[in-house]
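Asks: Got a predicted structure plus its sequence, pasted below:
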Amino acid sequence: MSSRRSATPESVPAPLAGSGSGPVAVLVVTWNSAEVLPEFLASLPEGMAGLDWRLVVADNDSADDTVEVVRSLAPEATVVRTGRNAGYAAGVNAALAAAAGWEGGFRAALVCNPDVRMRRGCAALLVDALGAPQPGGGRVGISVPLLYEEDGRTLLHSLRRESSVTRALGEAVIGNRRAGRFPRWSELVTDPAAYERDTVADWATGALMALSGECLAACGPWDESFFLYSEETEYCLRARDLGFVTRLEPSASATHLGGDSQVSPRLWTLLTLNRVRLYRRRHGLAATTAFRAAVLLRESSRAALGRPASLAAARALAGPSAPHGAP
């Protein structure tokens, strides 16, 4: 049996200072986001209704008019220019550092993608859920809403279980959506009942999540070694290890316009490799080897069905630079 590794990587800096009794910090990371920002900014007052809040936009060296759009439509916002495409986690950290410098700090943070559209009062419901003690121990450090596709009606399965060898095998053999009904066999949570109640998950899709000041202070910054994908997974698992659970607040909802990770071979490959990297960090050599083999089986089977993104991921997993064994 493999030994469990520390959930907090050495690369993560000391906890952030600055959380306090101030407003809710709305943190948005942008990269060539000019097209989706106007609607996002216009939707904020309704989504943040009932809260005192301030906006921080961390821009990862956009080549379009992202910064100009923010300064024109939200002149009161704090804009942080990272000066490079530093990755999502680095953008979150840059925004957190800016908010930490406010007089009085901030009492909670709302991390959201610019392609999210919150429904009225969504943020207040998420913030109110923070800090609630849980029957199984711990308290809510991260709260997430129901997420819907662009049509506003189709529910996204945003809750996840921690990766395991059996879950990777289940997804490879019977598919993640069918396997999602069985906790032992899939990372994806597809049980409709889970989205109708206050459900605690190992982690959740990071498109929109509220983080308590207490959780942020305990966990520190996001891990920038994950350029894109698995950064929210790592953060939620690290928070859980420290006694802060991730919980769905089903009365809060938002629309997520989505991304192209499902169709882009490059992004799907990055997502897949980062899953294995994170698993390697938390487990030993034998378990990591088995997990990587199960993920490779999944991607190879889908590549055989003609999915280009899975073919690219399978080739990367089989290559010499793929994550192997313990670091």
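Replies: Thanks, I have it. Keep in mind that this is a model prediction, so the values were computed, not measured.
Asks: List the buried residues of stretch 161-178.
Replies: By neighbour count with 16 or more other C-beta atoms under 10 Å, stretch 161-178 contains the buried residues R161, E162, S163, S164, V165, R167, A168, L169, G170, E171, A172, N176. From N, CA and C alone the C-beta is placed, and that goes for glycine too.
Asks: Might one say that F227 is in contact with L267?
Replies: No: contact criterion C-beta atoms under 8 Å: F227 and L267 do not qualify, at 11.0 Å.
Asks: more neighbours, these two?
Replies: L267 (18 against 15; other C-beta atoms under 10 Å).
Asks: Buried residues in the helix or strand containing the more buried one, which are they?
Replies: For L267, the element it lies in under DSSP states H and E is helix 265-282. Neighbour-count burial for helix 265-282 flags 265, 267-282 (criterion: 16+ other C-beta under 10 Å).
Asks: Please apply the same query to stretch 31-39.
Replies: W31, S33, A34, V36, L37.
Asks: before we move on, what SS does the residue lying closest to the last one once chain neighbours are set aside have?
Replies: Sequence neighbours aside, V69 is the residue nearest to L37 in space, at 4.8 Å (criterion: C-beta to C-beta, 6 or more residues apart in numbering). Following DSSP: H, G, I helix; E, B strand; the rest coil, the label given to V69 is helix.
Asks: check contacts around V69.
Replies: A34, L37, P38, L41 (C-beta atoms under 8 Å, 6 or more residues apart in numbering).
Asks: hmm, 7 Å instead?
Replies: Residues in contact with V69 (C-beta atoms under 7 Å, 6 or more residues apart in numbering) are A34, L37, P38.
Asks: And for R167?
Replies: R161, W185, S186, E187.
Asks: By neighbours, which of those residues wins?
Replies: S186 (25 neighbours).
Asks: Are we agreed that V79 is in a strand?
Replies: Yes: using three-state DSSP, the secondary structure at V79 is a strand.
Asks: Can you classify the residue nearest to it when sequence neighbours are not counted by secondary structure?
Replies: Of all residues not flanking V79 in the chain, V57 sits nearest, at 5.2 Å (C-beta to C-beta, 6+ apart). The local conformation at V57, judged by three-state DSSP, is strand.
Asks: Show the contacting residues for V57.
Replies: V57 sits in contact with V28, T30, V70, A77, V79, where contact means C-beta under 7 Å, 6+ apart.
Asks: Check the gap between it and F227 for me.
Replies: 19 Å (C-beta to C-beta, to the nearest Å).
Asks: chain center to the lowest-mean-pLDDT helix or strand in the chain, what's the gap?
Replies: Sorted by mean pLDDT, DSSP states H and E, the helices and strands of the chain end with helix 176-179, the least confident at a mean of 79. With C-alpha atoms, centre = their mean, to the nearest Å as the basis, helix 176-179 stands 21 Å off its chain's centre.
Asks: With stretch 225-240 instead?
Replies: Worked out by C-alpha atoms, centre = their mean, stretch 225-240 lies 7 Å from the chain centre.
Asks: average pLDDT across that stretch?
Replies: Here stretch 225-240 scores 95 as its mean pLDDT.
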